[in-house]
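K.L.:
Okay, here's the prediction I keep looking at, along with the sequence it came from:
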Amino acid sequence: MSSATPRGPIETTPAYYPGCSLDGLGKAYEISCQQVLDRLGLSLDRIVDYNCCGATEVKNLSEDVSVALPARNLALARTMGRQQVVAACNGCVYSLTRANDAVADPATRERINATLERGGAPAYDGAASVQHVLEFVYRRAGPERVRAAVRRPLEGLTIAPYYGCLYTRPKRYTGVGKTPGTDDPEHPHFLDELLAACGARVLTDFSAKTICCGGGHALSDLDVSVAFSASILNEAKRAGADLVATICPLGQINIENHLDRIRAEYGDEVVRPVAYFTQLMSLAFGASLREARLADNFSRPDLFLRSRGFS
Amino acid sequence: MPIVEKSLVEVDRKEHLEVEGIDVSGDWNTFLRSRVQTDLDVRVVDWVKGQPQGETISRCWQCGTCTAGCCMHTDYGLTDFNPRYFIYLAQVGYEEELRRYASTIWRCVSCNKCVERCPKGVKVEEVVHTIGTYLTLTGAAAESPADRFDRAYTENLLARGVLDEAALFRTYERLEGRKTPAKKLLSMGLSLLRTGRLHTGPLAHRTRGWRRMRTVLEAQLAEDERRRKGALAPATPAAGGNR
C-alpha cells in the first residue's frame, strides 16, 4: 500500500487510492490497513501523485470539476494497468463511483477527457471498478481466512459496527446490491462478519449502522453533526457496545471531534471509544495497541482496551 | 396535496354542541376560500432541469419516499426540511412558497439515502442542492454556511491537489467569525504532532505537476459559475387565470 511495498502482479493487485484522509488525519487507518493486508497476504499498489476526490462539496460548485477530480485518479490507475481501485474512505468511494457513472455517458467522457488532457493528465476510459477496502478484504480473504489469521481474539468485546452513509449508498453509483458478492445497501454485514471472525461479539442489529454522522456539515452545521454523532454513540450505548468500529475516516473524525460537546450535552456515559475496523483487526492479528496506532484516536480506545487486558 | 396555507382555511366559529348526549363540538363551518394561483412561474424548473445535477427532477412522481427516510426530516426532526415538497414547489413553479425555505434547504447533509431509495431514479440529493443553488443565485437565499464551506473546501483542494485539512479548518473558522478555544486547538494540534499527522502549511501534501491542472480546473469552475448565472431567465408569469 505504501510506496515501499513490493508491487504485486498487475492482474490481482488493485490500485490503492489514499485520498486526503488516509494521508492526513486518518493515518492510523492507513497504517492498520497495511498491517491487516500484510497478515492476510493481500497487496495494493498506491496511486502516486493522486489528487483529492472532491467528496460531496465540489459538485455543488461544478459538475465537471467534480467528475474530473476523481476521474484523474482513475485514469492514473488505468495507466498503472489496473482494472480495480480500492479506497478506504466512504467519501472517496462515493465520488470515484459517481465519476464512473458520469463518464459512462460518451459525451460526458469526451468532455472530461478534454479537461484532463488540458491539465496534463491521461485520458480515462471508464474501465476501473471501485471498491471499499472493507469489500476488498471481505472478498479476497473473507471471514474464514481472517479467522485463521487471528492470534489474539477480541473475546469479551462487544462492538457496534458503524458503516456510515456512503459506503454502499447510493447503489446507482456504488453498484452495490446489483452485482453478486456485494454488500447489502441498507443492511450491510461485511464488517459484522469480519469482526465476528476476530472473536468479538458484534451487534449485528445495531440500528445506527448506516445513519449519517453529519460529517458532510461537520463544520458548517454543528448542531446537526453533533446530534447525529451523539445518536450513533447513544445507540451504541443502548445496545450495550464497548466500542464503535468505523470504516470511514470522515465518520471517525467527525464523531471524535464532537466528543467535548457530546459529553457536555448528552453526558459522559454515552461516549464510547471509536476505532477503525482495521485497528481492531490488526489487534486481533497480534499487533500491540501501539502498533495498531490506537492511541492516535482522540477517543483513546487504547486506554479502554488496556483496561480489558489488551497490551 | 396537503393544505399548505392554513390562512386559506376559514374557521367561522368554534361551536360547543351536544346532540343526543354526544359531544360533537368543533369547527362546523370550515371551508376553503377559492382562489386562482397566478404567481406560478416555470422558470425554476426550467433552470433546474437545465443543470447537470437537476435533470432528474422531472421523473419525480411525489411519492415522498425521500422525505420519509430523510435524516434531516425524520431523525433530526426538522420537519420544514421536506425534499418532496421542495421538488413539488419547483415543479409547479411556486417560487414564493419555495422562498420560505431559503434558510432550510441548504441543510441537507448529503447522506444519499433519498437517492438510494427513490423508486424513480431521481437524484434527490443533487436536485435539492440544485434548487438551493437557484435560490442563492436569484438572491432569494443568503449564502449559507454550507455554501461558504463548499467554496473554501474547493479552493483549498485546487491549490495543491491535496486537501490541507488544518488550513481548511482555520479558513472556515475565519469565514464564520468563529473561534475554537485555544486550549482545544492546542490539544488537537499536539495530538496530531505527536502522531505525525500535522501536514499543514509548508508541510502539506501536494500533487506533483498539479499547477497545470489547477489552472484548467479553476477556469472550468469560473466558466460553470458564469453558465449557471447566464441561464437564469427573468421572471415571466405563466399563462393562467386571473386573480
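P.N.:
Done, it's in.

K.L.:
can you tell me which residues contact the closest residue to A:Glu30 other than its chain neighbours?
P.N.:
Counting by C-beta to C-beta, 6 or more residues apart in numbering or on different chains, A:Glu30 lies nearest to A:Leu22, which is 4.2 Å off, once chain neighbours are set aside. For every residue, glycine as well, the C-beta is placed using N, CA and C. Counting by C-beta atoms under 8 Å, 6 or more residues apart in numbering or on different chains, A:Leu22 touches A:29-30, A:33, A:88-89, A:249.

K.L.:
Strands of chain B, start to end?
P.N.:
B:9-11, B:14-15, B:18-19, B:22-23, B:26-27, B:30-32 (DSSP state E).

K.L.:
One more: chain A?
P.N.:
A:15-17, A:45-46, A:84-87, A:129-132, A:158-162, A:201-202, A:243-246, A:274-276.

K.L.:
What pairs with the fifth one, parallel or antiparallel?
P.N.:
Which is strand A:158-162. strand A:201-202 (parallel), strand A:243-246 (parallel) (DSSP bridges).

K.L.:
any idea how far the last one is from the chain center?
P.N.:
This means strand A:243-246. A distance of 12 Å separates the centroid of the chain from that of strand A:243-246, by C-alpha atoms, centre = their mean, to the nearest Å.

K.L.:
what residues does it touch?
P.N.:
Counting by C-beta under 8 Å, 6+ apart, A:157-162, A:164, A:191, A:195, A:232-233, A:236, A:252, A:255, A:272-277, A:280, A:301, A:304 sit against strand A:243-246.

K.L.:
Pull the distance from the lowest-mean-pLDDT helix or strand in chain A to the chain's centre.
P.N.:
Lowest mean confidence among the helices and strands of chain A (mean pLDDT, DSSP states H and E): helix A:19-22, at a mean of 88. From the chain centre to the centre of helix A:19-22 is a distance of 10 Å (C-alpha atoms, centre = their mean).

K.L.:
Could you count how many residues lie near whichever residue of the stretch 201-311 of chain A sits closest to chain B?
P.N.:
For the stretch 201-311 of chain A, the residue closest to chain B is A:Cys212, as judged by C-beta to the nearest C-beta, at 3.5 Å. Residues near A:Cys212, counting by other C-beta atoms under 10 Å in any protein chain shown, number 30.

K.L.:
Which pLDDT value goes with it?
P.N.:
For A:Cys212, the pLDDT comes out at 95.

K.L.:
For it, give me its contacts.
P.N.:
A:164-165, A:228, B:71, B:109, B:111, B:113.

K.L.:
again, 7 Å this time
P.N.:
A:165, A:228, B:71, B:109, B:111 (C-beta atoms under 7 Å, 6 or more residues apart in numbering or on different chains).

K.L.:
residues touching the second one, list them.
P.N.:
Listed by C-beta under 7 Å, 6+ apart, the contact set of A:Phe228 reads A:211-214.

K.L.:
pLDDT of stretch B:148-166, averaged?
P.N.:
Stretch B:148-166 comes out at a mean pLDDT of 95.

K.L.:
ignore the last one, stretch A:147-155
P.N.:
On average, stretch A:147-155 scores 98.

K.L.:
contacts for that stretch?
P.N.:
By C-beta under 7 Å, 6+ apart, stretch A:147-155 touches A:39-40, A:197-200, A:280, A:283-286.

K.L.:
Any chance of the residues you listed in CSV with pLDDT and distance to chain B as columns?
P.N.:
Compiled in CSV, the contacts of stretch A:147-155 are given as follows (pLDDT from 0 to 100; distance: C-beta to the nearest C-beta, whole Å):
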residue, pLDDT, distance to chain B
A:Arg39, 97, 22
A:Leu40, 97, 25
A:Ala197, 98, 28
A:Cys198, 98, 24
A:Gly199, 98, 27
A:Ala200, 98, 25
A:Leu280, 98, 18
A:Leu283, 98, 17
A:Ala284, 98, 22
A:Phe285, 98, 21
A:Gly286, 97, 22
